[in-house]
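K.L.:
the sequence and its predicted three-dimensional model are supplied below.
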Amino acid sequence: MTTRVLTGIKPSGTPHIGNYLGAIRPAIAASRAADTESFFFLADLHSLINTQDPLRVQRSTLEIAASWLAAGLDPDKVWFYRQSDIPEITELTWYLTTVASKGILNRAHAYKAAVDKNREEGIDEDAGVTAGLFMYPVLMAADILVFGANKVPVGRDQIQHIEMARDFGQRFNHVYGKDYFVLPEAVIDEAVATLPGLDGRKMSKSYDNVIPLFAPREELKKLVFSVLTDSRAPGEPKSTEGSALFQMYQAFATPEQTAAFAQAFADGIAWGEAKAQVFERMDTELAPLRERYNALMAEPAKIEALLRRRGQQLREQFAIPLLKELRDAVGLRDLSSIGQAQKTESVAKAALPLFKQYREKDGRFYFKLLDGEGELLIQSEGFDSPRDAGQLIAVIKQAEQGDALQSELFKIEGELEPVLTALQALREAAAKD
């Protein structure tokens, strides 16, 4: 079974080697798995929340696209596209907006942080807060749901957004009586590399301690030689623990090379020699990337053509068919077909008892049985895995008598007879299929 994995890339200038090691390189490696269908998109619509400088948006989008391609992303083996090239995403955003709870959006981390800051400063709590910032989670949900992503790699601060995407998708499914959307799961990589910067702190543009990923060879050498070290002299043993220089080497070296470098530290290697080795090890990997990046940046028309081509293919294969179905689901239909639509819908409603599986904030998996009118018939307890919940659903579906529905793992809401009628309807529908 193929797993769809979706990664959003916010255009924010040329990346540094910390971005490369912590996000770009591992994501590209993961995309090569045989059982994975990978989606990588340039989140240019999201970038408008933070900047209204059109030239900066354009330049950053080009630089980030070129960076990922230079780092080895194969656009013919993964889906690589620009968010704004898929108009169905913005249309879906509106559909999700109509079912999204404002109460949930009020608790979004970015919005809540902005409100808290304004309160601390004694000004109107929504001062400087745009609707774009407030609605950011809905757009992110549309990014994910439109392509049926199963997994979304995110940092811990983004888990909330995946939970919101699940909530909005599940609510839409429930309101319109069909599983239109796959409910995604967040993927947290606990082993993400965090590279120290020139001053030993975490490499970050906010600390002004970064090494640009595509810095020219001489600039790269100069930056590596400026990495902060202690005052231990040549011949004096040096500790690898907490050494920014050692961590930089390790990130680009094999285990054998790293072990040899650690021994050199113990033997008292001079800092100048250590920095020279770090520089050469880094440049060995980065030089080909730098060459590809410069070539790509020199031909932006090729990147533009690639993004448009893949975006159009995505629309035709996924987005356009889905939105056609969703328009019909919400009632945005051909007016001349109203008689047939009413007949079809009444028949469908009469035969639509439905099991719903979902995951709650406690991390456990639940299910419920709804009748054709959306009334709750059965509510389960929590399970450790969706498979456990699914196996019990399969057993319940075969129940023809009340004694087969006696269990501490679920509760019958109301009378028994409607439950048995619903289960019978499900079995009959399955037999017709």
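P.N.:
Ah, there it is.
K.L.:
these two touch, right, I28 and L73?
P.N.:
Yes - with contacts counted by C-beta atoms under 8 Å, I28 reaches L73, the gap being 5.3 Å. Every residue, glycine included, has its C-beta placed from N, CA and C.
K.L.:
beta-bridge partners for the spatially most central residue of the chain, please?
P.N.:
The centroid of the chain falls nearest to V152 when counting by C-alpha atoms, centre = their mean (3.4 Å). The bridge-partner assignment for V152, based on DSSP bridges, gives A186.
K.L.:
between I28 and L73, what contacts are shared?
P.N.:
Residues touching both I28 and L73 (C-beta atoms under 8 Å, 6 or more residues apart in numbering): none.
K.L.:
and L96, that's in a helix?
P.N.:
Yes - assessed by DSSP: H, G, I helix; E, B strand; the rest coil, L96 belongs to a helix.
K.L.:
give me the neighbour count for the closest residue to it other than its chain neighbours.
P.N.:
Spatial nearest neighbour of L96, excluding adjacent residues (C-beta to C-beta, 6 or more residues apart in numbering): F168 at 4.6 Å. Residues near F168, counting by other C-beta atoms under 10 Å, number 30.
K.L.:
how about E381?
P.N.:
E381 has 14 nearby residues by other C-beta under 10 Å.
K.L.:
how near is the residue nearest to it when sequence neighbours are not counted to Q398?
P.N.:
Spatial nearest neighbour of E381, excluding adjacent residues (C-beta to C-beta, 6+ apart): L409 at 5.3 Å. Applying C-beta to C-beta, to the nearest Å, the value for L409 to Q398 is 15 Å.
K.L.:
of the two, who's got more company?
P.N.:
Neighbour count, other C-beta under 10 Å: between L409 and Q398, L409 has more, with 14 against 10.
K.L.:
my guess is that one meets L392, correct?
P.N.:
Yes - between L409 and L392 there is a contact at 6.1 Å, judged by C-beta under 8 Å.
K.L.:
spell out which residues are contacts of both of the two.
P.N.:
Contacts common to L409 and L392, judged by C-beta under 8 Å, 6+ apart, are 380, 383.
K.L.:
low-confidence ranges in the stretch 101-250 of the chain?
P.N.:
Residue ranges of the stretch 101-250 of the chain with pLDDT under 70: 190-193.
K.L.:
can you give me the helices for it?
P.N.:
102-106, 109-120, 131-145, 159-176, 217-224, 244-252 (DSSP state H, counting those that start in this stretch).
K.L.:
can you redo these as TSV with distance to L335?
P.N.:
What follows is the helices of the stretch 101-250 of the chain, written out as TSV (distance: least, C-beta to C-beta, whole Å):
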stretch	distance to L335
helix 102-106	32
helix 109-120	39
helix 131-145	27
helix 159-176	19
helix 217-224	64
helix 244-252	61
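K.L.:
ok, which of those comes nearest L332?
P.N.:
helix 159-176 (12.0 Å; C-beta to C-beta).
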